[in-house]
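Engineer: what's the 3D shape of this:
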Amino acid sequence: MGTATSGTDFKAVQTLEIGPERDGQRLDNALTALLKGVPKGHIYRLLRTGQVRVNGRRAKPDTRLAEGDRLRLPPVRTGLPERTGAPPEGLVERLHRAVIAEDRDFLVIDKPAGIASHGGSGVAFGAIELLRAARPKEHLELVHRLDRDTSGVLVLARSRRGLTGLQALIREGAVRKQYLCLMTGRLERAKFDVNAPLRKSVLAGGERMVRIDDDGKPALTFFRELERYRGASLVEATLGSGRTHQIRVHAAYAGHPVAGDPKYGDREANRRFRELGLKRLFLHATRFEFELGGRACSFSAPLPDDLRTVLDRLQP
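Structural biologist: Presented below is the predicted three-dimensional model:
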């Protein structure tokens, strides 16, 4: 009998034991997580016809699971392509070394640039898959995401309490997320904010694009200049909301795109920064803070060496 953790392709009847990470979770939500790729309509049909059982009994979608419950799942194909091969050992070890903090509820890493938060869209293995490979006996879930080219603090949940609790805080805007970015050009003010709604679209090839749009979702970013250089400024960006590509689009909207940004940046400025050794987006998640269950948590990651080297080569 296995343990109910993440998505699986069930070719025969399976009986899984509910672990602590799903204690208190609704049955339909648990099935959606376990059977990734299976349409929700099919999941509810399995429930209606009694093919899913909890402790040998039929169960309704809103049934709350408890640790130790036995969950019976019928044969079902997820429809997801099978990932072939194990992740490269070098990448697994790199992510394992990137851990900067952990407790009973959370695992925090300083994610390297170039590694996606999760696999998909041509990415075989993201940070979550690599960490699961490094820690096969643990249950890990992404709480939030960082763009592939963004380095810095990435928080994962080790318990359902941590996952649902922190996700609720993120929805409520009760989490403080700060980034360091190098913005091109000379800033007119040391402190300013951009309050402009963002709309996300997906291009034919699957590429995500975000633009300022009055019909988009509200988005607010606070910018504060920390150091001024010739033709650029090191800036602390604090999120008032969490939208895809928010800092990058707001920086470009303000007339000072993030250095090294191939999508929203300045092509000529990016060429100059490449000559100084900048090989990627100059954006780093430096701090993530929240309070949960009466406990204050603050995780931080220093500016990585590759970005610090670029600053050292810039003229004040």
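
Engineer: Measure how buried Q167 is and give me the count.
Structural biologist: Residues lying near Q167 (other Cβ atoms under 10 Å) number 16. (C-beta placed from N, C-alpha, C; glycine too.)

Engineer: How about it: what's its closest non-neighbour residue?
Structural biologist: Leaving aside its chain neighbours, Q167 sits nearest to V143 (6.2 Å; criterion: Cβ to Cβ, 6 or more residues apart in numbering).

Engineer: I'd like the distance between the one you found and G19.
Structural biologist: Distance, V143 to G19, by Cβ to Cβ, to the nearest Å: 18 Å.

Engineer: out of these two, which sits in the busier spot?
Structural biologist: Applying other Cβ under 10 Å to V143 and G19 shows that V143 carries more neighbours, namely 22 against 18.

Engineer: List the contacts of that one.
Structural biologist: V143 makes contact with 106, 155-157, 162-163, 166-167, 170, according to Cβ atoms under 8 Å, 6 or more residues apart in numbering.

Engineer: While we're on it, how confident is the model there?
Structural biologist: pLDDT, V143: 92.

Engineer: after the longest helix seen in the chain comes which helix or strand?
Structural biologist: In the chain, with assignment by DSSP state H, the single longest helix is helix 160-172. Next helix or strand after helix 160-172 toward the C-terminus (DSSP states H and E): strand 176-184.

Engineer: R199 reaches R211, doesn't it?
Structural biologist: Yes: the criterion here is Cβ atoms under 8 Å, and R199 meets it with R211 at 5.8 Å.

Engineer: what bits of the stretch 1-150 of the chain have low per-residue confidence?
Structural biologist: Residues of the stretch 1-150 of the chain meeting the criterion pLDDT under 70: 1-11, 20-21, 77-85, 120-123.

Engineer: what about 90?
Structural biologist: For the stretch 1-150 of the chain, residues meeting the criterion pLDDT under 90 lie at 1-26, 28-45, 61-62, 64-69, 72-91, 116, 118-126, 136-139.

Engineer: which residues of it fall in helices?
Structural biologist: Along the stretch 1-150 of the chain, the segments classed as helices by DSSP state H, counting those that start in this stretch run 27-34, 40-48, 89-97, 127-134.

Engineer: right, and the ones you listed - which one's nearest A174?
Structural biologist: Closest to A174 of these is helix 27-34 (Cβ to Cβ; 22.3 Å).

Engineer: where along the stretch 201-316 of the chain do the helices fall?
Structural biologist: Going by DSSP H, counting those that start in this stretch, the stretch 201-316 of the chain shows helices at 246-253, 267-275, 305-313.

Engineer: still on that earlier bit, for the longest helix of the chain, buried residues please.
Structural biologist: Neighbour-count burial for helix 160-172 flags 160-163, 165-167, 170 (criterion: 16 or more other Cβ atoms under 10 Å).

Engineer: picking that back up, ranking the helices of the stretch 1-150 of the chain by mean neighbour count, which comes first?
Structural biologist: Compared across these, helix 127-134 shows the largest average neighbour count, a mean of 22 (mean count of other Cβ atoms under 10 Å).

Engineer: So what angle separates the directions of it and helix 89-97?
Structural biologist: Here helix 127-134 runs at an angle of 100 degrees relative to helix 89-97 (axes from the mean of the first three to the mean of the last three Cα atoms, to 10 degrees).
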